[in-house]
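> Show me the folded form of this:
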Amino acid sequence: MQLHFNADWLRSQIVNEPDISCDIGTPVCRAEDFIESTNEVVSADVSHTQQEQGTLGLFVHQLRRRDKLSIKELADRIRVDEEEIEGMEVNSAHDPEPRTFHQLADYARVSATGLVRLSQKAANADEELGTAALKFAASSEDLSALSRTERRGLNDFVRFLSNYKGKKNTNVR
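Sure, this is the predicted structure:
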């Protein structure tokens with residue numbers, strides 16, 4: 001028995017049942033269809049993820065996953081309250097304390113300025129940072145362990161934040 005699935009069927013499965021895997025066992029006939037449908041889904045996922053969690057929250061979440069830490073363990077390591085870590089991960093409107101940014105930047109070995117600019121208050125202040133954040137968010141899914149693509153995305157984003165100097169003459173607070 002041979003099954004045939006087309007791009008429309010795959011798209012409908014992804015849209016109608018986003019939490020269920022759509023494994024079909026055979027490669028997609030046309031790469032263009034796959035790329036097109038993937039780009040549509042990624043764009044929708046990125047905007048949804050950023051609205052709920054924010055780029056800073058996504059960064060903290062993936063940092064925890066990379067190091068296999070619970071919220072409590074990360075909070076203990078960087079010596080801040082658990083509520084701060086949870087607030088950053090879950091609520092994009094949460095405004096962490098400056099000390100939290102400093103401690104997190106030291107732990108992740110990135111620029112504290114870069115982390116501050118990921119917060120909701122500084123959103124859209126720097127186009128270069130926004131582009132890097134969008135690429136980072138697009139490469140992530142919520143799985144128990146980081147996939148190779150997610151790890152690469154996190155590493156690229158950490159590298160960018162480490163070298164980030166910030167825009168000149170931009171007020172964040």
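> What are the structural domain limits within this protein?
7-18+25-50, 55-163 (automatic domain parsing).
> lowest-confidence stretch among those?
Mean pLDDT is lowest for domain 7-18+25-50 among these, at a mean of 58.
> dump the residue contacts of Thr100.
Applying C-beta atoms under 8 Å, 6 or more residues apart in numbering, we find Thr100 in contact with Ile78, Val80, Glu84, Met88. All C-beta atoms are positioned from the backbone trio N, CA, C, and that covers glycine.
> ok, now with 6 Å
Val80, Glu84 (C-beta atoms under 6 Å, 6 or more residues apart in numbering).
> Pull up the gap between it and Ile14, please.
If you measure Thr100 against Ile14 using C-beta to C-beta, to the nearest Å, the figure is 36 Å.
> Tell me how many other residues surround Leu105.
Slight slip there: residue 105 is Ala, not Leu. Using other C-beta atoms under 10 Å, Ala105 has 19 neighbouring residues.
> make that Gly114, sorry
The tally of other residues near Gly114 (other C-beta under 10 Å) stands at 25.
> Mind telling me what element His94 is part of?
Using DSSP states H and E, His94 sits in no helix or strand.
> ditto for Arg159
Assignment of secondary structure by DSSP H and E places Arg159 within helix 148-163.
> who's in contact with Leu63?
Contacts of Leu63 (C-beta under 6 Å, 6+ apart): Ala108.
> switch to 8 Å and redo it
Leu74, Tyr107, Ala108, Leu154.
> any idea whether Pro96 is helix, strand or coil?
coil (DSSP: H, G, I helix; E, B strand; the rest coil).
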